[in-house]
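Trainee: dropping the sequence and predicted coords here.
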Amino acid sequence: MAAARFANSPYAGTTVAIGTLHGKESAFAPAFRRWLDAEVRPTVDLDTDALGTFTGDVPRALRPTDAAAAKAIAAAAELGTPLGLATEASYAMAFGGFGPVAHEELAMFVDLDRGIRVPHPIRSYARVAPAQVVADADEARRYLARVRFPHQGVVVRAEGRIHKGLQREEDVLALLRHGPMGLEPDLRAHMNPERRRTLRRLGWVMAARLRTPCPACETPGFGPVDVVRGLRCAACGARTSRVRADVDSCAACPERRERPRAVTSADPASCEVCNP
Ligand SMILES: [Zn+2]
Ligand SMILES: [Zn+2]
């Protein structure tokens with residue numbers, strides 16, 4: 001049975017190295033085992049934080065796709081396999097407040113034997129509490145309750161130092177001895193349950209994508225890279241900015257295919273002609 005299930009997995013029996021300091025292998029391993037018969041193993045030595053951190057103590061120098069590819073390639077090198085995987089998250093903090101913020105989680109798979117990079121992003125809205133300065137234990141406890149501590153870990157900024165990965169209330173409160181301090185959620189995967197759920201979802205879609213061969217050259221990883229806008233208005237037929245198709249492409253050859261979306265006309269509310 002297993003042989004049939006994995007008959008079209010290009011990665012059956014392989015090892016995929018995932019570059020992580022933060023336990024991300026547990027998010028990807030089940031999907032890669034079930035869909036691809038591939039084993040996902042974490043790196044031990046790779047310092048993924050050297051490429052930039054959420055807390056800003058290491059600036060992010062590379063674009064997310066390049067940072068993720070660099071991590072995936074370094075992970076593959078460390079474990080001595082041609083297959084590497086890494087993820088890179090970004091949050092749009094602009095809105096402030098306790099409302100949702102845009103969260104993009106990008107997975108990057110590299111296959112050094114085939115010479116391909118397969119990126120796959122997921123965009124969602126996440127609840128990310130903004131940083132807050134607290135002066136006493138009551139204020140600190142209110143903040144911790146709001147961020148669902150200790151499931152969500154926190155970062156404390158006190159006396160010019162950053163204390164990451166705190167999950168014990170006494171450790172947080174002890175830092176108040178220096179006076180008022182900054183509190184913020186720790187967004188790293190092992191400290192953030194919401195992000196772990198997103199990573200698991202990304203694991204399944206990436207594994208499914210790697211089972212999808214290019215219709216022209218059969219390279220694995222054929223999948224979405226872009227969208228086509230211009231869905232026609234249901235009332236007047238003018239083109240709107242709504243998406244009418246997804247574009248799939250190959251990581252190795254120029255093959256591109258449009259996949260029309262199920263929705264075939266746009267709500268007139270989104271039409272500039274109907275709403276001048
Ligand atoms: Zn219209
Ligand atoms: Zn191709």
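Mentor: Sure thing, it's come through. Ligands and ions are numbered 1, 2, ... in the order given.

Trainee: which SS state does Tyr143 fall under?
Mentor: helix (DSSP: H, G, I helix; E, B strand; the rest coil).

Trainee: would you map the helices across the chain?
Mentor: Across the chain, reading from the start of the chain, the helices by DSSP state H fall at 2-5, 25-36, 64-79, 137-146, 169-174, 193-210.

Trainee: wait, which of the ones you listed is closest to Asp47?
Mentor: Counting by CB to CB, Asp47 lies closest to helix 64-79 out of the helices of the chain; the figure is 9.2 Å. In short, each C-beta sits where N, CA and C put it, glycine included.

Trainee: what's that closest one in contact with?
Mentor: Here helix 64-79 makes contact (CB atoms under 8 Å, 6 or more residues apart in numbering) with 15, 17-20, 41, 43-46, 48, 51-52, 60, 62, 82-88, 90, 104, 106-110, 112, 117, 119.

Trainee: run the last query once more with 7 Å
Mentor: Outside helix 64-79, the residues that touch it by CB atoms under 7 Å, 6 or more residues apart in numbering are 15, 17-19, 41, 43, 45-46, 48, 51-52, 60, 62, 82-88, 90, 106, 108-110, 112, 117, 119.

Trainee: need the residues of the chain near ligand 2, please.
Mentor: Taking CB under 5 Å from the ion as the test, the list of the chain residues beside ligand 2 reads Cys214, Ala216, Cys217, Thr219, Cys250, Ala252, Cys253, Glu255.

Trainee: circling back to that earlier point, so can I have TSV of the helices of the chain showing distance to Ala245, mean neighbour count and mean pLDDT?
Mentor: Converted to TSV, the helices of the chain look like this (distance: least, CB to CB, whole Å; neighbours: other CB atoms under 10 Å; pLDDT from 0 to 100):
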stretch	distance to Ala245	mean neighbour count	mean pLDDT
helix 2-5	31	9	50
helix 25-36	26	20	94
helix 64-79	23	21	92
helix 137-146	41	15	95
helix 169-174	49	15	94
helix 193-210	18	20	92
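
Trainee: show me what contacts Ala27?
Mentor: Contacts of Ala27 were listed using CB under 7 Å, 6+ apart, and they are Arg196, Leu199, Arg200, Gly203.

Trainee: oops, could you answer that again for Ala29 instead?
Mentor: Each residue near Ala29 by CB under 7 Å, 6+ apart is listed here: Val40.

Trainee: any figure for the gap between it and Ser270?
Mentor: Taking CB to CB, to the nearest Å as the measure, Ala29 and Ser270 are separated by 41 Å.

Trainee: thinking again about what came up before, would you show me how to pick out the buried ones of the residues of the chain next to ligand 2 in PyMOL?
Mentor: Typed into PyMOL, the line below selects the buried ones among the residues of the chain next to ligand 2, using 16 or more other CB atoms under 10 Å:
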select buried, resi 214+219+250+252
